[in-house]
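S.K.: can't give you the sequence, but here's the structure:
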């Protein structure tokens, strides 16, 4: 999806991200789902910030239900 986006193929990049999210959700593993939603949301941010926010919110819900600390999935930012 990143390569498609770099080549200006926005629609194809979005479709690829949606397919990736669907595949990851099918795993039924909360940790994998959270990780995927966060990563795909991050990738989607330049294309559709609103939808990216929705994915991040869904990751937070899955994390709460699965008792997962989202901080463990997010890289620490340098100060």
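M.R.: Noted; the coordinates are in hand. On a predicted model such as this, the values are computed, not experimentally measured, just so you know.

S.K.: ok, residue 54 - contacts?
M.R.: residue 41 (CB atoms under 8 Å, 6 or more residues apart in numbering). Where you see a C-beta, it was placed from the backbone N, CA and C, and this is true even at glycine.

S.K.: is it in a helix, a strand, or coil?
M.R.: helix (DSSP: H, G, I helix; E, B strand; the rest coil).

S.K.: distance of it relative to residue 61?
M.R.: Per CB to CB, to the nearest Å, residue 54 is found 11 Å from residue 61.

S.K.: same for the lowest-mean-pLDDT helix or strand in the chain, what does it pack against?
M.R.: Confidence across the helices and strands of the chain bottoms out at helix 10-25, with a mean of 76, counting by mean pLDDT, DSSP states H and E. Other elements packing on helix 10-25 under the criterion 3 or more CB pairs under 8 Å, 6 or more residues apart in numbering; DSSP states H and E are helix 2-6, helix 30-44.

S.K.: ok, which of the ones you listed comes nearest residue 72?
M.R.: With CB to CB, the closest approach to residue 72 among the helices and strands packed on helix 10-25 belongs to helix 30-44: 9.0 Å.

S.K.: got the angle for that closest one vs helix 10-25?
M.R.: Per axes from the mean of the first three to the mean of the last three CA atoms, to 10 degrees, the angle that helix 30-44 makes with helix 10-25 is 170 degrees.

S.K.: any weak-confidence spans in the chain?
M.R.: By pLDDT under 70, the low-scoring segments of the chain are 24-25, 75-79.

S.K.: same thing but 80
M.R.: Confidence mapping of the chain against pLDDT under 80 gives the ranges 1-2, 5-6, 10, 14, 17-28, 73-79.

S.K.: can you mark which positions in stretch 46-63 are buried?
M.R.: For stretch 46-63, burial by neighbour count (16 or more other CB atoms under 10 Å) applies to 51-52, 55-56, 58-59, 62-63.

S.K.: done for today, thanks.
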